[in-house]
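1. Show me the folded form of this:
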Amino acid sequence: MFTTFLKIAVFIALVVAVTWGGMMLLSLEGGAIVSIGGYEVTLGALQLVVAIVALLVVFWLAVQLVKLLAAVFRFLNGDETAISRHFDRNRTRKGQEALSDAMFAIAAGEGQLAMQKAKRADKYLDRPQLTTLLKAQAAELTNDTRTAEESYRALLEREDTRFVGVRGLMQQKLDAGETDTALALARKAFALKPQHQGVQDTLLKLQAEKADWTGARETLSAKLKSGNLPREVHKRRDAVLALSEARDIMDDGKDMKAREAAIEANKLSPDLVPAAVMAARAHIAKGEQRKAARILTKTWGVTPHPDIAAAFAEIEPKETPEARLKRFRALTKQNPDHAETKMLLAELHIATEDFPQAKRDLGHLVTDDPTARNLTLMAAIERGEGSDDAIVRGWLTRALTAPRGPQWICNNCQHIHAHWGPVCENCAAFDTLEWKRPPQGEVAMPTGTEMLPLIVGQKPTVVTRSDAEVVEALPAQADRPQDAK
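-> Numbers count the residues shown, from 1 in each chain. Predicted coordinates for the structure are as follows:
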């Protein structure tokens, strides 16, 4: 309010001052005579002042006209001028509008529109690193792989956009299934930005797929150093890689080196069942049975698993069933309520022909949690106790269609694996296999059954037979356990 009043007061004062000045000039006597080309003009004081002001205005306009002509000349000559800057501002405004429209179109998934706007932005703006990237992203939306690849290759020419170009090409090769080229590009991207989590994950996955365990361990260490991986997870995955490396070394016939690698893998992650089993077998091969037993006992305390029991049996392969039962107490006293412990005890007592105790070991498993394995064990117990073939057949029939129980299952795609591996054979995910129950509806053995694997000290194997053949086989395993070594 005060500002408005002040403005009005100033305006009135100016009007009064101009009026007073004009009146003063009119009251003055005399003037000036201007003679031009024989013509004379007499000007009063007020007229003279007006004439002077008009001449100044004309002079200023003339100067501005000369400047304008000079600017036009320089503009036509290619020099930077106010005119050129005006057109540049126009181009920049149009380019920025097109750039913004292209970004919104990409976010909305409108590939064609995004490409049109990106090309328009490229026309008006001198920002090739931005417009080229937008064209690449727009081309990917429209599945125009050729344009996208050309755009990413163009980004390789600038140092500040090289990483983006390499990563874009890497993703394209991954989508096309060209994993060898993608691996080379991932290594290049990793060299440019070793702390980039996405590149680390991609490189690690590709190295695991290609069985480049040494390179994968280096990448894993980089993830730990950059803070992209918790230390406990690093130890677990490093153990997985070390175990995979040991298996490959063993396949190459380098047993000694493989044993050392297996022992290292177990030290990194004592609860990793395959590492514990391989490390134990490495110690057994070196005659270090106590170390092998210590490793397996410790792992069983965390995760009871049939492979651990099989490896534990290999420590003393020629012992009697009674001696084996006694030695296995180191395992069975741990996790006594675990289903795996109960089934292991049942198998050991079947081997000693103590069938009533074997039945007590199973307890309510066959009713509360029936699986192909515990139902098969029940069939063996019934056969050992001299039950009718009809009863044995009944248990075997149930075993044929019962769930198999825990298996190696990928947490990523739920694919079931016969054996553990560092990489899922279905989705190629790294370190996703877990020993757990499969989804409901999975059938263990559609045409056969699994017979007492642990009492012989070997890895579990699937024996595919008809019901009659299985019944005939049961007495041989139940009545003569002393031969099962």
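2. what's stretch 276-292 in contact with?
-> By Cβ atoms under 8 Å, 6 or more residues apart in numbering, the residues outside stretch 276-292 that reach it are 243, 246-247, 255, 258-260, 262-263, 265-266, 270, 293, 295-296, 298-299, 307-308, 310-312, 314-316. C-beta: built from backbone N, CA, C; applies to glycine.
3. cool, and stretch 413-429?
-> In this structure, residues lying in contact with stretch 413-429 by Cβ under 8 Å, 6+ apart are 205, 208-209, 240-241, 243-244, 273-274, 407-412, 430-433, 438-439, 442.
4. wait, Leu344 sits on Ile308?
-> No - judged on Cβ atoms under 8 Å, Leu344 makes no contact with Ile308 at a distance of 9.4 Å.
5. Show me whatever sits in contact with both of those two.
-> Common contact partners of Leu344 and Ile308 (Cβ under 8 Å, 6+ apart): Leu331.
6. Run a quick neighbour tally on Leu125.
-> Here the neighbour count serves as a burial measure; for Leu125 (other Cβ atoms under 10 Å) it reads 17.
7. repeat for Ala275
-> Considering only other Cβ under 10 Å, Ala275 is surrounded by 29 other residues.
8. cool, and Gly421?
-> When neighbours are counted by other Cβ under 10 Å, Gly421 comes out with 17.
9. Next one: it from Phe73, what distance?
-> 78 Å (Cβ to Cβ, to the nearest Å).
10. thought His196 was touching Ala186?
-> No - the pair His196 / Ala186 is not scored as a contact, 10.4 Å apart, by Cβ under 8 Å.
11. Among the two, which residue is more densely surrounded?
-> Just comparing His196 and Ala186: by other Cβ under 10 Å the higher neighbour count belongs to Ala186, 27 against 18.
12. check which helix or strand covers that one.
-> Mapping Ala186 onto the secondary structure by DSSP states H and E places it in helix 179-192.
13. which parts of that helix are buried?
-> Thr179, Ala182, Leu183, Leu185, Ala186, Arg187, Lys188, Ala189, Phe190, Leu192 (16 or more other Cβ atoms under 10 Å).
14. So the first one sits against Leu206, correct?
-> This means Thr179. Yes - here Thr179 lies in contact with Leu206, judged by Cβ under 8 Å, at a distance of 6.1 Å.
15. what about the helices in the stretch 251-400 of the chain?
-> Using DSSP state H, counting those that start in this stretch, the helices of the stretch 251-400 of the chain run over residues 255-268, 273-285, 289-302, 306-314, 321-327, 329-332, 339-351, 355-362, 365-368, 372-384, 389-401.
16. can you put those helices in CSV and add distance to Ala62?
-> Output for the helices of the stretch 251-400 of the chain, formatted as CSV (distance: least, Cβ to Cβ, whole Å):
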stretch, distance to Ala62
helix 255-268, 89
helix 273-285, 94
helix 289-302, 97
helix 306-314, 101
helix 321-327, 116
helix 329-332, 108
helix 339-351, 104
helix 355-362, 114
helix 365-368, 108
helix 372-384, 106
helix 389-401, 106
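17. tell me, which of those is the model least confident about?
-> Between these, the one with the least mean pLDDT is helix 255-268; it has a mean of 77.
18. Output the contacting helices and strands for it.
-> When contacts are defined as 3 or more Cβ pairs under 8 Å, 6 or more residues apart in numbering; DSSP states H and E, helix 255-268 sits against helix 231-251, helix 273-285.
19. What is the distance between the shortest one and the centre of its chain?
-> So the one you mean is helix 273-285. Per Cα atoms, centre = their mean, to the nearest Å, the displacement of helix 273-285 from the mean C-alpha position of its chain is 31 Å.
20. give me the element the residue nearest the centre of the chain is part of.
-> Taking Cα atoms, centre = their mean, the centroid of the chain lies closest to Asp201, which sits 5.4 Å from it. Applying DSSP H and E as the criterion places Asp201 in helix 197-209.
21. Which residues does the helix or strand just after that helix contact?
-> Later in the chain than helix 197-209, the nearest helix or strand by DSSP H and E is helix 213-225. Surrounding helix 213-225, the residues in contact under the criterion Cβ under 8 Å, 6+ apart are 190, 194-195, 197, 200, 203-204, 207-208, 229, 231, 234, 237-238, 241-242, 244-245, 248.
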